[in-house]
Structures are given as structure tokens and as C-alpha cells.
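Chemist: sequence first, then the predicted structure, then my questions.
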Amino acid sequence: MDRPGGFEYDNEPIDDADRQQAEELRASLYRSDASPAQNTETAVRHLLDQAAQRIAGKRYQSAIALFDEVLGLAPTNAQALAGKAKCYLCLHNLRPALDAARVAARHADTPELVDAVRAIHDECVRALSDRHLEAARQALRSRQFQRAVDLVEHISGVRADDPTFVEIRAYAHDRLRRSLPPDERRNGGPRQKLVHDELQRVLSWLTSDELDQADDALTRKLYAEAVTVLDRASRIDPRGVRVAFLGAIAIYQHVAADLESAFDDQRPPDLAAAEANLRRAVEMVEFVAADPLYREDCVAVRENVDRLARMVADFRAKRARARPVNECVRRFNAIADINLGRTIPYQQASNLKRTLASLATDVARLRPNYDSRSQEARTLADLAKATAELLRQLNDVI
């Protein structure tokens, strides 16, 4: 979360030297001939000037020590109270900042100071409620719906006019209600049905971590990582259109990259897995296309997915067509490894002849199934010749 107010964080310890300087300044003022009231007023003015210099130098802890000196002299000094509140806010110490702002508001005596204190107060409240809202987001992500509802209700008075908060609050109550047994749902808190656009805004907020990571992974072409991240987002809530849209793109890119890598490495790709993943991508695209904002973008994605799916289907068909031929090649090679140049037993030779005859029959049966110009037809023709030659050699051996 960003630091509120645009101030830089200052983690300096309380400066004892500054505190001592303030004490010496006050003592020196009291050694003058002025009245006690004049001494106090002068001391306060000088301490406030010193504190303003510390704030300008972003030395907020030192400024707080000086404001404490002022409040020791004038406990209701609104400028010092407002200054402390501002310093605590800059240090992101929100509770003390809010307490100081509330006290300052009771003593602010000029319109400018009233406005400044109100701004500090409102920023503290906003930052504290942001913390609760982030905690509610984490609770929703981990399916702790009751805790999420408790957190949003705690800040409902502060954020009631915030349309985004209203949507988040309705979503939290809806998720809690859905998680309850049916007979308890009627007592599940306020009912407000989110329309499609409202739901998508909440889901983008809820899964913002995964969406950012997926965008980064896609940019760096880490498609498998993008798929994993988006799967995690869909498990939080599967209704997110943006998650599904990026998921379809990530799956398509991952399948395409995996096929290209397999061909480059001359290894057989997992076509069944590719086909299943592309079917999933199609389902995602169809889901996303129902959203008018994404409908046009889905056209190009669907075309790419369908084209790759056709390619995978063609590969699988070719592999299926080649499978019987490859099996015949395997059977032939098992026989061809036997050394027929030596004398072999009659029984073994007879068995080999029967095996070769069976193989020759299968090859002859398969050949009409393939176009004569295909690789499979040429392989079968070579097998037929080789099988006949082996049979001839066996006849010579027996």
C-alpha cells in the first residue's frame, strides 16, 4: 500500500539532541525580562518554527519531540496537535495520527487549520479502512467468508458512499450466503445482486495479483507459468471474464510453443494433452464471448485456437494411420535381427516362416488403405519386398 499523503517514510529515532536543544531554547527564553505569558508564547513560536524545519527535512520523529515540548507548555495548541498528526501520518503510524487529529479538531481555531486537520483525519480513516479492505480481500481469496464480512462491516460506516466498497460488501455477503446450508441462507445478511459489470470489477480487484502476474508472464513468453497463475485465479472464483480471457490466450500459446519445441527436438508431442487443453481454451473463449466488452477480441483468439486444434487433429489422424504400419515395421525388425547366415533349428525356421507369412498377409491387407503416394504406402511396399526376401532366405536355410 502506498504511503498516504505522498510523504516519504522517515524511520529516524527520536533525536535526543533536538530535544535537548528545545529545552535549552526554552530555558534561554525564560531568562529574559518578559512576562511568563510572553515567555511561553515566544517559546511555543520558536518550537513550532523548529518543528516546521524538521518536517521540511522529513525528520518526523524529531518534529514530534518538538511538538511534545509545545504541548508541555500549551496542552491545547491545535497547531502542535495537527503537526503531530501529520508526522504520524507521514510515518504511516495511523492510530496515533488519527488520535492526534481528533484532539486537534476540537481545538482548531482557524479555517485553514480546521481544513488541514480534517484532511489528515480523513486520510487516516481512509488508510485504516484500506487496511481492513485488503484484509477482507485476503479473507475472500482464502474462502474465509465470515471473516471477510466482519471486516467490511467494520468499515461500512466510513466507506458507505464509496461505490466500489458497496460492490465489494455485496460480494462478500453473497459468498458467505452461498457457503451456508440452504436453511441458513435467508439470514445471511443484506441481499444485493451484483450485475455482470459490478461482479467483474470485484473479481478484477480480488484476483489482481494473479492478473498482474499473468500479464507479466505472457509478456515474457512464460506461457506455462501464465496458465498456472490463471488456474489459481479461477479457483478463487471461476466467474472472472478477464481471467478466462487471458487463460484462453495462455493455453493457446503454451500448446503452440510446446508443439514447436517438440518438433524442433524431434520428439513426439503429447497430442492428446494438446487436444484436451485446446478444448478447454475453446470453452473459455465461449464463456468470455458472452461479455460484449470482449466479444470482438474473442473472434481472433477463437480463430487461432481452432486453427491449432485442426492441426493437432491432423497430427493425431496421421499418427493413427501410421500406427499399423509402424507395428508391421516393429515385427519385421524383430525377425530381421536374427542371423540367418548360420544354421538354425528346423523348428525355429518353421516358426519364423509362419511369422513372416502372417506379416506378409497383414502388409498386403494394409496396402490398399493408403494412397500410393503416401509415406505409409511406400513403407508397406518396402516391407512387402523385404518380407519376401526373408522368406526366400529361410527357404534356403531349411
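Modeler: Thanks, I have it.
Chemist: mind checking how far residue 224 is from residue 218?
Modeler: Going from residue 224 to residue 218 by CB to CB, to the nearest Å gives 11 Å. Using the backbone N, CA and C atoms, a C-beta is placed for each residue, glycine as well.
Chemist: repeat that for residue 324.
Modeler: 41 Å.
Chemist: before we move on, the earlier item: between residue 224 and residue 218, who's got more neighbours?
Modeler: residue 218 (19 against 14; other CB atoms under 10 Å).
Chemist: these two touch, right, the more buried one and residue 252?
Modeler: No: counting by CB atoms under 8 Å, residue 218 stays clear of residue 252, with 10.9 Å between them.
Chemist: quick check: next helix or strand after the helix or strand encompassing residue 277?
Modeler: Here residue 277 sits within helix 271-288, counting by DSSP states H and E. Once helix 271-288 ends, the next helix or strand along the chain (criterion: DSSP H and E) is helix 292-336.
Chemist: name the helices or strands packed onto that following helix?
Modeler: Judged by 3 or more CB pairs under 8 Å, 6 or more residues apart in numbering; DSSP states H and E, helix 292-336 is in contact with helix 241-264, helix 271-288, helix 346-366, helix 375-397.
Chemist: looking at the ones you listed, which is buried most?
Modeler: helix 241-264 (a mean of 20; mean count of other CB atoms under 10 Å).
Chemist: export that one to PDB, keeping only CA atoms.
Modeler: C-alpha atoms of helix 241-264 as PDB (Å, rounded to 0.1, in the frame of the first residue of the first chain):
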ATOM      1  CA  VAL A 241     -14.100 -12.900 -17.500                       C
ATOM      2  CA  ARG A 242     -10.600 -11.300 -17.600                       C
ATOM      3  CA  VAL A 243      -9.100 -14.400 -16.000                       C
ATOM      4  CA  ALA A 244     -10.800 -16.600 -18.600                       C
ATOM      5  CA  PHE A 245      -9.800 -14.400 -21.500                       C
ATOM      6  CA  LEU A 246      -6.100 -14.400 -20.500                       C
ATOM      7  CA  GLY A 247      -6.400 -18.100 -19.700                       C
ATOM      8  CA  ALA A 248      -7.500 -19.000 -23.200                       C
ATOM      9  CA  ILE A 249      -4.600 -17.000 -24.700                       C
ATOM     10  CA  ALA A 250      -2.100 -18.500 -22.300                       C
ATOM     11  CA  ILE A 251      -3.300 -22.100 -23.000                       C
ATOM     12  CA  TYR A 252      -3.200 -21.500 -26.800                       C
ATOM     13  CA  GLN A 253       0.300 -20.000 -26.600                       C
ATOM     14  CA  HIS A 254       1.500 -22.800 -24.300                       C
ATOM     15  CA  VAL A 255       0.200 -25.600 -26.600                       C
ATOM     16  CA  ALA A 256       1.700 -23.900 -29.700                       C
ATOM     17  CA  ALA A 257       5.100 -23.400 -28.000                       C
ATOM     18  CA  ASP A 258       5.100 -26.900 -26.700                       C
ATOM     19  CA  LEU A 259       4.400 -28.400 -30.200                       C
ATOM     20  CA  GLU A 260       7.100 -26.200 -31.800                       C
ATOM     21  CA  SER A 261       9.600 -27.300 -29.200                       C
ATOM     22  CA  ALA A 262       8.700 -31.000 -29.700                       C
ATOM     23  CA  PHE A 263       9.200 -30.800 -33.400                       C
ATOM     24  CA  ASP A 264      12.400 -28.900 -33.000                       C
END
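Chemist: okay, the angle between it and helix 271-288?
Modeler: 160 degrees (axes from the mean of the first three to the mean of the last three CA atoms, to 10 degrees).
Chemist: other SSEs contacting helix 241-264?
Modeler: helix 196-206, helix 208-219, helix 223-236, helix 271-288, helix 292-336.
Chemist: helix 223-236 and the helix holding residue 277, what's the angle between them?
Modeler: Helix 271-288 and helix 223-236 are oriented at 50 degrees to each other (the same axes, to 10 degrees).
Chemist: the residue most central in space within the chain and residue 320, how far apart?
Modeler: A centroid search over the chain (CA atoms, centre = their mean) returns residue 210, at 0.7 Å, as the residue closest to the centre. Using CB to CB, residue 210 is found at 38 Å from residue 320.
Chemist: next SSE downstream of the lowest-mean-pLDDT helix or strand in the chain?
Modeler: Least confident helix or strand, the chain: helix 16-30 with a mean of 58, by mean pLDDT, DSSP states H and E. Counting by DSSP H and E, the next helix or strand C-terminal to helix 16-30 is helix 36-56.
Chemist: mean confidence for that next one?
Modeler: Helix 36-56 shows an average pLDDT of 85 in the prediction.
Chemist: give me the below-cutoff pLDDT ranges for the stretch 51-200 of the chain.
Modeler: When residues are selected by pLDDT under 70, those of the stretch 51-200 of the chain lie in 185-191.
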